[in-house]
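>>> need a structure here:
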Amino acid sequence: MRISFDLDDTLFVAEEDGFTLEPPLKFPWNRIYTERLRAGTLELMQHLREMHCEIWVYTTSFRSPFYIRSLFRHYGIRIDDVVNGARHAAEVQAGHAEPMPSKYPSHYRIDLHIDDDRSVLENGRYYGFRVIQIGPPDDTWADQIIEAVQKIKAAP
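Numbering: from 1, shown residues only. Model prediction:
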């Protein structure tokens, strides 16, 4: 099963917004990778790996795939693939006169996408891809994802 995660305000969050965070990376990596992960991310990713899931990042940001993979690698998380804003524009939007949604996980055979943006949830309903919307601080966010993965895997 292939799962993708948005970055900003989904996995990358700020303490001043009320989020509990994973511990920062050790020096000097914390100076290079200043983004902070939502508490529970490391345990969730480990659990998803144990469930034999591929972990992707699908973001509208233009951070390079190398940067994203490196950041997560320093936390001990292997990212299988990255779709950033540039890749999305080249592979999803290219050749379409009408605007495509900001994220289109089914193009990459992603089974479940995790995002904070309500418009991505609505696009999922319209275009037929699965989305879980997480946003504000919520201690059950990881449990919701694991439960959804279990349901999808159990479905015929």
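>>> where exactly do the strands run in this protein?
2-5, 54-58, 81-83, 112-115, 131-133 (DSSP state E).
>>> Which of these sits closest to Lys26?
strand 54-58 (22.3 Å; Cβ to Cβ). Placement of C-beta: from N, CA and C, glycine included.
>>> Could you name the helices and strands sitting against the closest one?
strand 2-5, helix 41-50, strand 81-83 (3 or more Cβ pairs under 8 Å, 6 or more residues apart in numbering; DSSP states H and E).
>>> Check what contacts it and list those residues.
Applying Cβ atoms under 8 Å, 6 or more residues apart in numbering, the contact partners of strand 54-58 are 1-7, 45, 48-49, 68, 72, 77-84, 88, 103, 105, 108, 110, 113.
>>> for stretch 69-85, same thing?
Stretch 69-85 is contacted from outside by 2, 4, 22, 25, 29, 33, 35, 37, 41-42, 45, 49, 54-65, 68, 91, 103, 108, using Cβ under 8 Å, 6+ apart.
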